[in-house]
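Trainee: here's a sequence, model it:
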Amino acid sequence: MSEISVLANTAVAIVAIVVLIVRFRVNPVISLVVGSLYLGLATGLGPDRTVRTITTGFGDIMAEVGLLIAFGVLMGSLLQEMGAIEQLVGHLLKLFGPRRLPHSMALTIGTLLQAIYLDVLLVICAPLARTASRRIGPLGSARMAAALAIGLESGIVLMVPGVGALALAALLHVPLGTMLLWGLVLVVPTILISVSVMTFLFRRGFWNSATDESATTDPAVPDTPAAADNTGEPARPATARALPTVALVGAVPGAGPPSAAGPDRPPVSRSTAGPAGGSEGAVVPAPGDGPGLLVRFAPLLAALLMIATGAVIDAVGVRNVVLSFIANPVVALLTGLVGTVLVGRFAVGREGVERAMMRGFKESGQILILTAVGGSLAAVVSASGLGGILRGYFTAGDVAPLLLIWAVSAVLHMAIGSVTISAITAAGILAPIAPGLGLDPVLVALAVGAGSLFAVQVTSNTFWLLQSLMGQTTRGTLKTCTVGVSVASVVALLLLLPLSLFL
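Mentor: Residues are numbered from 1 along each chain as shown. Down below sits the predicted model:
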């Protein structure tokens, strides 16, 4: 088949995936499988080979990353049940004070708290941030909202164990320890610089409280407009002291205001999450109850340290069976999960742990399947011969490949509206050509993640949740969320360009 025909059919497959997700609100998993089927059949793989390629790609990625995602989600659910996030924010406020809270909170969310699903984390952190914003000053709401958006979205694709970062590492065959170390090197300055840039803009007149903040005064009352949910029924407007609700089934990006959910915006129900971080009637421990903050986070920190150790010993060429076993990501995250369960038994009891585990199992399903389907798309793209064709458009040995990779991911995000889906789709397209680009695979993964952050806007569920929970107008949220996360996207790219000279 000619190059033009392969390129044309690939373009049709990608457009079809985007249209199914955005226009017809078909679940992203189904959309990606349909697109993969079309691409395989249209490029001459034949029915049998197309199906075999899809299932093989699915299985390969699930084998590589399935347990890692599940373990990470379960740890996050347990931390949520223990009220660890509220305790952590309280310590940050005491340690850094209200004026430095935007930087410290964004950095903590973007690194340490990525085991917790994005919407759950936002629902828990936003009321705390909104309350703290009153102590920062007139620009407190703007600074805290931008910090939340930057930390949440940057961490999910750049920092292990964020689900997007795990998916990118699997699809692009990046060792998880390498992804963790270089992701940390990139995400920390990206967050700090981006929050500082937004603070500078706000202080230079970019924020107008009269037009950018809503009249809602109670941080527990989201200023949520009525909207259609994924079943087509109108969503119920927020009522006094009601917690935000996100649709549970069939969630897709682009579905509009807060009723829409996506793979990087998991289901949050009125009974499972709220500003207090409680779940299903559970009494969340007060900050001073039970184990201390360090004890609650110690298993997660130990797991990340074990994974990082693996990257270090690989880099220095050490070959030790025991160290390699301990540093294996599956062993590391399993150790972290077991440790978190033991701490949780002491903090919230057996019933609290069981409740958190059940919630974690429910939440991990869609992202596991979506990530594996991204592997199916990558396998079909590779089998179709597209990799060899696209390789000619990427010049190895200079900065052009990184710019193009970033642009592909950014365009997909603007079309689809979901950070995770756009990153997975871009990685699926680029995976076959990544080995021939002359770039370290971790650079490709980080460039894809950086591009997927560009232009988070009204098609994103995070946008509407942030608007309602932080008490801002749509205009204000365009400034804090859309501009803020786009700044982070560009900053990450600018940091990656010189980094590529050393990798």
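
Trainee: okay, and the helix or strand of this protein with the least pLDDT?
Mentor: helix 386-391 (a mean of 70; mean pLDDT, DSSP states H and E).

Trainee: let me see the mean pLDDT of the helix or strand that that one is followed by.
Mentor: As assigned by DSSP states H and E, the chain's next helix or strand after helix 386-391 is helix 400-416. Averaged over helix 400-416, pLDDT sits at 88.

Trainee: quick check: buried residues in helix 400-416?
Mentor: 401-406, 408-416 (16 or more other CB atoms under 10 Å). All C-beta spots, glycine's among them, are computed from the backbone N, C-alpha and C.

Trainee: CA atoms only: put that helix into CSV for me.
Mentor: Taking Å, rounded to 0.1, in the frame of the first residue of the first chain, the C-alpha atoms of helix 400-416 are listed here in CSV:
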residue,chain,number,x,y,z
ALA,A,400,12.7,19.3,15.9
PRO,A,401,11.5,15.9,17.0
LEU,A,402,10.6,17.1,20.5
LEU,A,403,8.7,20.1,19.0
LEU,A,404,6.7,17.8,16.7
ILE,A,405,6.0,15.3,19.4
TRP,A,406,4.7,18.1,21.7
ALA,A,407,2.6,19.5,18.9
VAL,A,408,1.0,16.1,18.0
SER,A,409,0.0,15.6,21.6
ALA,A,410,-1.2,19.3,22.0
VAL,A,411,-3.4,19.1,18.9
LEU,A,412,-4.9,15.8,20.1
HIS,A,413,-5.7,17.3,23.5
MET,A,414,-7.4,20.4,21.9
ALA,A,415,-9.5,18.0,19.8
ILE,A,416,-10.3,15.4,22.5
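
Trainee: so what touches that helix?
Mentor: Identification of contacts with helix 400-416 by CB atoms under 8 Å, 6 or more residues apart in numbering yields 14, 18, 21-22, 253-254, 393-395, 419, 422-423, 425-426, 429-430, 437-439, 443-444, 447-456, 459, 489, 493, 496-497, 500.

Trainee: list phi and psi for the nearest residue to residue 406 once chain neighbours are set aside.
Mentor: Excluding the flanking residues, the one nearest residue 406 by CB to CB, 6 or more residues apart in numbering is residue 451, at 3.9 Å. When read as degrees, to the nearest 10, the backbone of residue 451 gives phi -60, psi -40.

Trainee: doesn't residue 489 make contact with residue 451?
Mentor: Yes - between residue 451 and residue 489 there is a contact under CB atoms under 8 Å: 6.6 Å.

Trainee: counting contacts, what elements does the lengthiest helix in the chain pack onto?
Mentor: Using DSSP state H, we find that the single longest helix of the chain is helix 329-384. Applying 3 or more CB pairs under 8 Å, 6 or more residues apart in numbering; DSSP states H and E, we find helix 329-384 packed against helix 3-22, helix 28-42, helix 47-81, helix 163-171, helix 293-315, helix 419-430.

Trainee: now those helices in JSON lines, with distance to residue 370 and mean neighbour count?
Mentor: Putting the helices and strands packed on helix 329-384 into JSON lines (distance: least, CB to CB, whole Å; neighbours: other CB atoms under 10 Å) gives the following:
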{"stretch": "helix 3-22", "distance to residue 370": "11", "mean neighbour count": "18"}
{"stretch": "helix 28-42", "distance to residue 370": "5", "mean neighbour count": "22"}
{"stretch": "helix 47-81", "distance to residue 370": "10", "mean neighbour count": "21"}
{"stretch": "helix 163-171", "distance to residue 370": "8", "mean neighbour count": "31"}
{"stretch": "helix 293-315", "distance to residue 370": "23", "mean neighbour count": "18"}
{"stretch": "helix 419-430", "distance to residue 370": "7", "mean neighbour count": "30"}
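
Trainee: among the ones you listed, which is nearest residue 180?
Mentor: helix 293-315 (5.4 Å; CB to CB).
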